[in-house]
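> This is a predicted model, with the sequence first.
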Amino acid sequence: MSFWNINTNEDAGSFETGGGSMEPIPANTDVLAICDEAKWDQGPYDDRSYISLRWSVMKPEDFKNRKVFQKLRVDHEDPKKAEKAKRMLAAIDYNAGGKLQASGEDPTDESMTKHLTNKPMVLRLQVWEIETQQGEKKSGNWVSAVSPAKAKANPTAKPAEPTQEEIDSIPF
């Protein structure tokens, strides 16, 4: 069978995948999610690097498999904003086992992928809105808080990785 053996009953020069714009998840919604990508990135408007995280929602079912993108501007020119981003990264790391901070080294793409991804946690989502230069309104979600996927009886203990059964029993 040839790779290009496809149904070409329609105009070969046109194709539409369907879909369309998706409304953001409502503000103040808690979701169970895993980070499935963690890396350093750089914006198009300045030379400052930031940490880019991509979260995949697991629960509630209404939002399952939705993606939430998070930028942690740990290199922000405003020291207070950089500190806030580092505190968020520290909370994410803590909920993922605390290995980034324990290393004492600056995070790399490899270390973040190894230690932050595939660790379930609860995200509190908010909604951002902007107006583009063309007058078009855009919106999406941002992460305002993170917490362990499973509350521990001892809040000072590092969270244990929840089992699949425990994840399935989280009421969303």
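On my side now, so go ahead. In this text the structure is predicted, and so the values were computed from the model without any measurement. Numbering: from 1, shown residues only.

> Could you report the distance from residue 47 to residue 72?
Separation of residue 47 from residue 72 (Cβ to Cβ, to the nearest Å): 17 Å. No exception for glycine: its C-beta is placed from N, CA and C like everyone else's.

> who has more neighbours, those two?
It is residue 72, of residue 47 and residue 72, that has more neighbours when counted by other Cβ atoms under 10 Å, with 21 against 7.

> quick one, helices of this protein?
Taking DSSP state H, the helices of the chain run over residues 79-95, 99-103, 109-116, 164-169.

> quick one: low-confidence ranges for this protein?
Applying pLDDT under 70 to the chain flags the ranges 1, 8-21, 151-164, 166-172.

> 80 instead, please
For the chain, applying pLDDT under 80 flags the ranges 1-21, 43-46, 150-172.

> Dump the helices of the chain to CSV, plus distance to residue 140.
As requested, the helices of the chain are exported to CSV (distance: least, Cβ to Cβ, whole Å):
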stretch, distance to residue 140
helix 79-95, 17
helix 99-103, 26
helix 109-116, 21
helix 164-169, 25
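
> Which one of these lies nearest to residue 41?
helix 109-116 (9.6 Å; Cβ to Cβ).

> who's in contact with the closest one?
The contact list for helix 109-116 (Cβ atoms under 8 Å, 6 or more residues apart in numbering) reads 35, 37-40, 51, 53, 92-93, 96-97, 99-100, 103, 105.
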